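Undergrad: Could you work out the structure for the sequence below:
(2 chains)
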Amino acid sequence: MGVRSGGNTDVRWCPACGSDLSGPAGFVAEYWKANDRWFLTWCSRCHTTTQVCLPHRITATEPEH
Amino acid sequence: MLKPELNRRLTEVGPGTPGGDLLRRYWWPIAPSVDVGLEPLERRLLGEDLVLFRTREGDVGLLERQCPHRLASLGLGYVDRPRTPEAAGSPSGLRCGYHGWLYGTDGRCLEQPGEPADSTFKDRIRAQSYRVQELGGLVFAYLGPEPAPLLPRYDLFVWDDVWRDIGHAELPCNFLQIMENSVDPYHVEWLHGRYDAFLRELSGAPASEVLTKKHLKVAFDVFEHGILKRRVLEGHTEDDEDWKVGHPLVFPGMLRIGGGGLNFFQIRVPIDDENTWHVWYQTYQPGGPVPPQDVVPAYEVPLYDSRGKLLRDYVDGQDITAWVTQGRITPREREHLGSSDVGVIALRRLFAEQIDRVAAGEDPLCTYRDESTNQVITLPQEKEKFGGGDAFRREFLLHGQTRYSPILHDVLALFGDHDLVGRRAVEPV
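TA: Here you go, the predicted structure:
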């Protein structure tokens, strides 16, 4: 999986209140964990910090049954 | 990765910018006290050109650099007493060397030698002046709106029974990338551990045992002073002080670090968007009384070797080389952060949040307005750093920028590190 070039954060809206984070006061920082893209956001309107993951693969663990 | 517009928002320091408005809410060191005398010093802080001087009465003044008359630099000026009968007995001020206009520390124009004796023109002229205070051997300046907050009395500035010295250097890069280094614990084992071991191998010296330990876990807590950084190193546990206590990034421009009686601040003073005045403020506390110091000595930390290459054979030179080679302002839209960079992201988020607070008319983090909470601000910091405070001190005194200190050998003797006294400071420990 290639690393995308900079400038495109993909995450635009605050996950908590829906405010537009693309303006000058919107905080979106991208980082990687293995193959997953993560975004830490902070919203100047609702003051909420969130983490958003764009996973390469959704995995689930089946409980004992 | 950050958007370019967000990168600008976090790195601009000039007047009228969101970041500049935040940074103007703090007191910043502008010079070591020992360097401020009758001859004015030209300084630049937060994108503003200034001139700093000490009157014959001992007061410190800070004015805009350009004389309001014909805009020559007041750095061309000199401290002088008023000469007109009307102003006789007034304190001395800064006289412009070009035409002799005289300014008080409050910026009032006291004399205009070329104008008629009965002229009131001088009463309508005022140079922009700024608040200054001296503390712990540094002159601090405040360029922000009134009412000014208190100058924070952080512990190292006010402790008794310590020696102090102040190293400083102008670094050709933005302040934020330097601050990010302070929430990036992993760089220690690589830059100061493995890379340094490589350089020592080339010179035939053994690697440092203090700085090569592997990080098993790091954590960052936003707290009342900024961000508290914790780490667990290989061979250590959560019961060690590196995790239990940690040490702080003090918002917005300072790192507190130390161990074994050597405790210091690294203060990153934004000169403008592309330059930072870096101050290493050391305290030496062997325990018990120490002989008093007449003055806190200051020294300049060199950046380049004789070939013009950034010095990198010691801890701070390695940091400086990393910061400067990231670019004047790190182009963060091109970087690729990983999960080990969460401290860096936490700091950027904190700056964004505090910029927003100031824009909303609130006081930002680390604003002090109550004298009762500003007698001594005690900051948390591990004493047994990396599992051994004395080993940390011995490593840093010869392998940090203190190797350039004019009192290094006296400091070694003060701690009883007699085996290091007389050793060449540039020698690997």
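Undergrad: Is the most centrally placed residue in chain B in a helix, a strand, or coil?
TA: In chain B, the C-alpha nearest the mean C-alpha coordinate belongs to B:I267, at 2.4 Å (Cα atoms, centre = their mean). Assigned with DSSP: H, G, I helix; E, B strand; the rest coil, B:I267 falls in the strand class.
Undergrad: In this model B:P29 seems to touch it, though I could be wrong.
TA: Yes - if you go by Cβ atoms under 8 Å, B:I267 and B:P29 touch, sitting 5.7 Å apart. For glycine as for every other residue, the C-beta is placed from the backbone atoms N, C-alpha and C.
Undergrad: Mutual contacts of those two, please.
TA: Shared contacts of B:I267 and B:P29 (Cβ atoms under 8 Å, 6 or more residues apart in numbering or on different chains): B:V279.
Undergrad: related to what we said a few turns ago, number of residues surrounding the residue nearest to the residue nearest to the centre of chain B when sequence neighbours are not counted?
TA: Closest residue to B:I267 apart from its sequence neighbours, by Cβ to Cβ, 6 or more residues apart in numbering or on different chains: B:V279 at 4.1 Å. For B:V279, the count of nearby residues is 25 (other Cβ atoms under 10 Å in any protein chain shown).
Undergrad: quick one: secondary structure of B:V279?
TA: strand.
Undergrad: List the residues that contact it.
TA: By Cβ under 8 Å, 6+ apart, B:V279 lies in contact with B:29, B:138, B:166-168, B:265-269.
Undergrad: try A:C43
TA: A:14, A:16-17, A:19, A:21, A:26-27, A:50.
Undergrad: Nearest to chain B among the residues you listed?
TA: Distance to chain B, by Cβ to the nearest Cβ, is smallest for A:F27 among the contacts of A:C43, at 4.1 Å.
Undergrad: Does that closest one touch B:F351 like I think?
TA: No - assessed by Cβ under 8 Å, A:F27 is found out of contact with B:F351, at 9.0 Å.
Undergrad: Looking at these two, which one has more neighbours?
TA: Set A:F27 next to B:F351 and count neighbours by other Cβ under 10 Å: A:F27 wins out with 27 against 23.
Undergrad: how near is that one to B:A219?
TA: Distance from A:F27 to B:A219, counting by Cβ to Cβ, to the nearest Å: 21 Å.
Undergrad: now B:V36
TA: Relative to B:A219, and taking Cβ to Cβ, B:V36 is found at 41 Å.
Undergrad: more crowded one of those two?
TA: Taking B:V36 and B:A219 together and counting by other Cβ under 10 Å, B:V36 has the greater number of neighbours (22 against 15).
Undergrad: right, and the more buried one touches B:G58 too?
TA: No - counting by Cβ under 8 Å, B:V36 stays clear of B:G58, with 10.3 Å between them.
Undergrad: quick one: common contacting residues for these two?
TA: Counting by Cβ under 8 Å, 6+ apart, B:V36 and B:G58 have no common neighbour.
Undergrad: which stretches of chain A have low pLDDT?
TA: A:1-9 (pLDDT under 70).
Undergrad: mind redoing it with 90?
TA: Filtered on pLDDT under 90, chain A yields the residue ranges A:1-10, A:22-26, A:55-65.
Undergrad: Do a quick rundown of the strands in it.
TA: Listed in chain order, the strands of chain A (DSSP state E) span A:27-33, A:36-42, A:49-54.
Undergrad: Out of these, which gets nearest to B:P116?
TA: strand A:27-33 (59.1 Å; Cβ to Cβ).
Undergrad: For that closest one, buried residues please.
TA: The neighbour-count check on strand A:27-33 (16 or more other Cβ atoms under 10 Å in any protein chain shown) flags A:27-32 as buried.
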